[in-house]
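Engineer: fold the following and give me the result.
(one chain, ligands or ions: 2)
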Amino acid sequence: MSSAVSRGATPATPDRQPRLTVLSGPSGVGKSTVVAHMRKVHPEVWLSVSATTRKPRPGERHGVQYFFVDDEEFDKLIANGELLEWAEFAGNRYGTPRQAVLDHLAAGEPVLLEIDLQGARLVRESMPEARLVFLAPPSWEELVRRLTGRGTESAEVIERRLAAARVELAAEKEFDETLVNTSVEDVSRELLALMLNNSGE
Ligand SMILES: Nc1ncnc2c1ncn2[C@@H]1O[C@H](COP(=O)(O)OP(=O)(O)OP(=O)(O)O)[C@@H](O)[C@H]1O
Ligand SMILES: Nc1nc2c(ncn2[C@@H]2O[C@H](COP(=O)(O)O)[C@@H](O)[C@H]2O)c(=O)[nH]1
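Structural biologist: Ligands and ions are numbered 1, 2, ... in the order given. Coordinates of the predicted model:
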């Protein structure tokens, strides 16, 4: 049985224009894990690299997981209109560089954004053709286990992220599709299928 649940009517794309896919879901649900697995198998999927004021975690590299910038640089990105969307999340700012997204869509590539709920709402406003996919945990207890078990955040930050998670889970119905992250392999396959369907393939 598929774990994909349709939310609302998303008509089949009549042309072969690639569409933007936005993946959101509470912190710790497994978005990065699922996307990394999918891209290992399908490196042709282009993932936007966001800018953030968050400090790198061990092993994260500038230009790979994020463009790590300070507050002043982030202010400049906003002022110069270089971000498609941006949001503050659990004490840091995150934003999607606009031009790279437009370039990859123009080149006909499937484009994926992994962003929070606020960003997903902004993308829906500015690019209503985007398909919004919500990644849900199998249960609240499992979400807490994953976020805590990752071991990258302090107890205080985990609390902030869990507070945001309650808001994000309540917004699931705003999304076109829901995938439940029980199995990374299954969800990666389902996400890829949604993306390729987006581009009419
Ligand atoms: N299907 C799964 N089953 C069990 N553990 C999982 C699964 N998917 C991801 N995880 C684990 O959950 C933790 C959180 O995953 P990940 O960092 O990918 O979440 P995220 O949604 O990208 O979080 P954030 O929004 O905070 O960046 C990791 O330790 C990861 O290994
Ligand atoms: N609105 C945006 N949200 C983003 C962007 N890049 C990442 N994110 C989201 O932030 C949180 C926290 O991420 P973390 O790496 O610090 O754990 C998570 O929900 C990401 O999806 C962005 O460009 N815009």
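Engineer: just want the most central residue of the protein.
Structural biologist: Compute the mean C-alpha point of the chain, and by CA atoms, centre = their mean the closest residue is Glu114, 1.7 Å away.
Engineer: list the contacts of the closest residue to ligand 1 within the chain.
Structural biologist: Of all residues in the chain, the one sitting closest to ligand 1 is Gly30 (2.8 Å; CB to the nearest ligand atom). (Each C-beta comes from the backbone N, C-alpha and C, glycine too.) By CB atoms under 8 Å, 6 or more residues apart in numbering, the contact list for Gly30 reads Leu135, Pro137, Arg146, Asn181, Val184, Val187.
Engineer: can you do 10 Å?
Structural biologist: Applying CB atoms under 10 Å, 6 or more residues apart in numbering to Gly30 gives the contacts 36-37, 135-137, 142-143, 146, 150, 181-182, 184, 187.
Engineer: same question, Leu112
Structural biologist: By CB under 10 Å, 6+ apart, the contact set of Leu112 is 20-23, 35, 38-39, 45-48, 101, 104, 133, 191-192, 195, 198.
Engineer: go again with 6 Å.
Structural biologist: Thr21, Val45, Leu47 (CB atoms under 6 Å, 6 or more residues apart in numbering).
Engineer: for the closest residue to the second one other than its chain neighbours, give me the pLDDT.
Structural biologist: Nearest in space to Val45, with sequence neighbours left out and distances taken as CB to CB, 6 or more residues apart in numbering, is Pro110 at 5.2 Å. With respect to pLDDT, Pro110 has a value of 90.
Engineer: any idea how far Arg98 is from the residue of the chain closest to ligand 1?
Structural biologist: Per CB to CB, to the nearest Å, Gly30 is found 27 Å from Arg98.
Engineer: go ahead and confirm Leu84 touches Gln99.
Structural biologist: No: taking contacts as CB atoms under 6 Å, Leu84 lies outside contact range of Gln99: 8.8 Å.
Engineer: so between these two, which is more surrounded?
Structural biologist: Neighbour tally, Leu84 and Gln99, criterion other CB atoms under 10 Å: the higher count belongs to Leu84, 23 against 11.
Engineer: does that one sit in a helix or strand, and which one?
Structural biologist: strand 83-89 (DSSP states H and E).
Engineer: does that strand reach ligand 2?
Structural biologist: Yes: on the criterion CB under 6 Å from any ligand atom, strand 83-89 is in touch with ligand 2 at Glu85, Trp86, Ala87, Phe89.
Engineer: burial measure for the residue of the chain found nearest ligand 2, as a count.
Structural biologist: Minimum separation of the chain from ligand 2 (CB to the nearest ligand atom) falls at Gly119, amounting to 2.4 Å. Applying other CB under 10 Å, we find 23 residues neighbouring Gly119.
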